[in-house]
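> sequence plus the predicted model coming up.
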Amino acid sequence: MSKVFLLVGERQGRFPGSNCLYLKGVKSRLLVDAGCKREQIMNLRDKVDGVIYTHVHPDHITHHELLRGKRVYMPVADGNFDTIEKLSLRYAPEVHEEWTRYVNTVFGLKTVPQHDHLYEPWESISIGDLEVEAVPAPGHTRGHHILWIEKHLHLSDIDLTSFGPWYGHPESSLEAFIADIELAYSLEASYYTTSHRERVFTRDEVLRELDRYRNALERQLASVLELLRSMGPSTPKRLAREKVIYKRYLPGHEVVMNYFEINMVEKILVYLSASRGVVFKSLHGYVARDSLQPVRHS
């Protein structure tokens, strides 16, 4: 029977910090992700056989070079992105140079882990006496996975933070993220962890946390809709200037954060239009339906 240990990252795991898991079997040892504290990985690197990445995001691969020579398991959707340049063009194509400076500055990241094995969605990964099932949750990124280790479920970046879901890349999907949250509700385990909370949750606790997380998403939707009502016909770029998603930008990284905010606002507007019918797109931008005044005929 395997044991699962939560390694809480910098800032109690809050972004740009990130948590790792240490999986200990009778004969095998694994890390999940490499974004926790440097000293944690230094202390364990000679004791682990490999590392499984939930997805290739800077905060999850930060210290990957400390694990050089260990067997690397990576989602198949992330397998072709083996350089920082390729990642920058994937995650932020319009501002890829600024994104590269951002990850160099914030994470000290200049390279990407090279894989030994690309795992498929729903694949059971067996390493010695350890077995990990990769559950696809592609709303955050195409390669993002939840990991199931016996009675333990690692929700990764369904992170249960007060910020709520993050879906700022061109490939991210708000609709898919909503489905991922519903999936998380349905997966019954005894214990749960996430990449950005500092504790282990029981089943009852995680259900309450998922309710709060879903409510945080509803607040994101409501904030964008309320701002649109107040501004009239508007574009995602114009709405994003009001920092409706992020309340502040990291100094020196305003371009990248604004880019992510524009993407999130646009995805919200499309969702409010297609799925809820409270927004439509006009020649002058998006419009909130209930902000329209009736036409008066003489």
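Perfect, thanks for sending it.
> check for me that residue 153 belongs to a helix.
No - in this structure, residue 153 is strand, not part of a helix, as judged by DSSP: H, G, I helix; E, B strand; the rest coil.
> so what's the residue count around it?
26 (other Cβ atoms under 10 Å). Placement of C-beta: from N, CA and C, glycine included.
> what bridges to it?
When bridges are assigned using DSSP bridges, the partners listed for residue 153 are residue 148, residue 192.
> contacts for the host helix or strand of residue 60, please.
Applying DSSP states H and E as the criterion places residue 60 in helix 58-61. Outside helix 58-61, the residues that touch it by Cβ atoms under 8 Å, 6 or more residues apart in numbering are 15-18, 33-35, 53-54, 103, 106-107, 109, 112-113, 195.
> give me the mean pLDDT for that helix.
Averaged across helix 58-61, the pLDDT comes to 98.
> next: stretch 16-24.
Across stretch 16-24, the average pLDDT comes to 98.
> again, but for stretch 245-256
Mean pLDDT, taken over the full extent of stretch 245-256, equals 93.
> phi, psi for residue 288 please.
Dihedral angles of residue 288 (phi, psi; degrees, to the nearest 10) stand at phi -80, psi 130.
> quick check: it touching residue 230?
No - between residue 288 and residue 230 there is no contact, the gap being 9.1 Å when judged by Cβ atoms under 8 Å.
> the more surrounded of those two?
The residue with the greater number of neighbours, taking residue 288 and residue 230 and applying other Cβ under 10 Å, is residue 288; the counts read 22 against 11.
> please name the bridge partners of that one.
When bridges are taken as DSSP bridges, the partners of residue 288 come out as residue 279.
> any idea how far it lies from residue 141?
As for residue 288, its distance to residue 141 is 30 Å (criterion: Cβ to Cβ, to the nearest Å).
> likewise residue 105?
21 Å.
> same check, this time on residue 23
From residue 23 across to residue 141, the span is 22 Å (Cβ to Cβ).
> ditto for residue 269
Relative to residue 141, and taking Cβ to Cβ, residue 269 is found at 21 Å.
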